[in-house]
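K.L.:
next input, structure requested:
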Amino acid sequence: MMCRITQINEENYGYYLPMLPANFAEQIEEDENALMFGIESFGMAAGSVMLRLIGFEAEITWFYVDERYRGRGVGSEGLLHLMELLNRSYDITQISMTVYAGADEELLHLFDGYPVERAKLPQCTFETTLGWLRSSSKIRAGHKHSITLGELDKKKLIVLCEGLIAHGEDLVEMPIDPDLYLKDQSAIYMEGEKATGALLFRKKAEGIEIALLASFASNAAAVMDMMSLAAEKMNRFGEDTKVLINIVDDRVEKLIRNLFSMDADDMEGFTKSERFTLDLSFLESARKETERILSVWNELKVGKAS
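P.N.:
As a prediction, the model looks like this:
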């Protein structure tokens, strides 16, 4: 056996600390159904798992294998041992995990070989270039009501954040800290003196990320207005600069498709999030098959001995 699963608690969490998410303590404190497990390989900490127990289902919210142990089957074996433990000790009959767009490619293969159900989710990422963004005829019309994030005063920013929260659009940390974004390129839509939309950019190693695209403006063209301003202010970036857009629902995806005149079935540039669901009833049949093989093996040994 290459690895084993152990529950992480107050006594041993320091052993796995580098492999846990930054907010693990808050998650455990706030959710009484949250559990943490460590993956050990030959006595060394090799990975960590966080999950939530929901009735007879375990939802994996974090699965991490240290880079030094990847490609050795540690993740796959660790998952199998975890499923056996959950089934045996917690009466769990189903596990699920959402692999979000942009996550490590290896997570998509974690369930290979199992009778798993896979479902595409609305959440996805869209990758394009700044040149293609600028080429959209929908934003070349110009902007009339948008200003940059850097031009928005603090009081109006607070009101904007309150509006985003009230409309369920608070998809980044609130209140918005302009210093975390490209404030001279990020756009804010104004209806008179009130800010009712935000298009926030931040610099990433691979290019520029749209961290938030949200509007509760009365004008349906508010997003295009903000896009137009942003495209104009991006003149210091080259045409080949990658632009990554995090899409959280169908509404935003439709907006992106409209922006680039893309058909509903055109998936170029889109990477969908996926949800994996696995019924653990297969474990019982696997146990029976193992018992059958051992029984046959023992019979053969007895036959040879006689």
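
K.L.:
quick check: mean pLDDT of stretch 27-35?
P.N.:
For stretch 27-35, the mean per-residue pLDDT is 88.

K.L.:
please tell me how far it is from the chain's geometric centre.
P.N.:
When C-alpha coordinates are averaged (Cα atoms, centre = their mean, to the nearest Å), stretch 27-35 and its chain have centres 19 Å apart.

K.L.:
where's the closest residue to residue 185 other than its chain neighbours relative to residue 73, distance?
P.N.:
Closest residue to residue 185 apart from its sequence neighbours, by Cβ to Cβ, 6 or more residues apart in numbering: residue 233 at 4.5 Å. (Glycine included, C-beta is placed from N, CA and C.) Noted for residue 233: a distance of 49 Å to residue 73, by Cβ to Cβ, to the nearest Å.

K.L.:
residues making contact with stretch 182-191?
P.N.:
Applying Cβ atoms under 8 Å, 6 or more residues apart in numbering, the contact partners of stretch 182-191 are 143, 145-152, 160, 178, 195-203, 208, 215, 217-219, 222-223, 225-227, 229-230, 233-234.

K.L.:
mind listing which of those residues are in helices?
P.N.:
In helices, defined here by DSSP state H, the members of the contacts of stretch 182-191 are 160, 222, 223, 225, 226, 227, 229, 230, 233.

K.L.:
make CSV out of those and add distance to residue 26, neighbour count and pLDDT.
P.N.:
Shown next, in CSV, are the ones in helices among the contacts of stretch 182-191 (distance: Cβ to Cβ, whole Å; neighbours: other Cβ atoms under 10 Å; pLDDT from 0 to 100):
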residue, distance to residue 26, neighbour count, pLDDT
160, 26, 25, 97
222, 34, 23, 93
223, 33, 25, 90
225, 38, 24, 94
226, 33, 29, 95
227, 35, 24, 92
229, 36, 24, 95
230, 33, 26, 94
233, 36, 19, 94
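
K.L.:
for residue 272, pull up the helix or strand it's in.
P.N.:
strand 270-279 (DSSP states H and E).

K.L.:
repeat that for residue 48.
P.N.:
Going by DSSP H and E, residue 48 is part of strand 44-54.

K.L.:
low-confidence bits of the chain, can you list those?
P.N.:
1, 286-306 (pLDDT under 70).

K.L.:
ok, which stretches of it are strands?
P.N.:
Applying DSSP state E to the chain gives strands spanning 3-7, 34-41, 44-54, 57-65, 94-99, 117-129, 146-148, 187-191, 194-204, 207-215, 242-247, 270-279.

K.L.:
same for the last one, what does it pack against?
P.N.:
Right, the one you point to is strand 270-279. Using 3 or more Cβ pairs under 8 Å, 6 or more residues apart in numbering; DSSP states H and E, the elements in contact with strand 270-279 are strand 94-99, strand 117-129.
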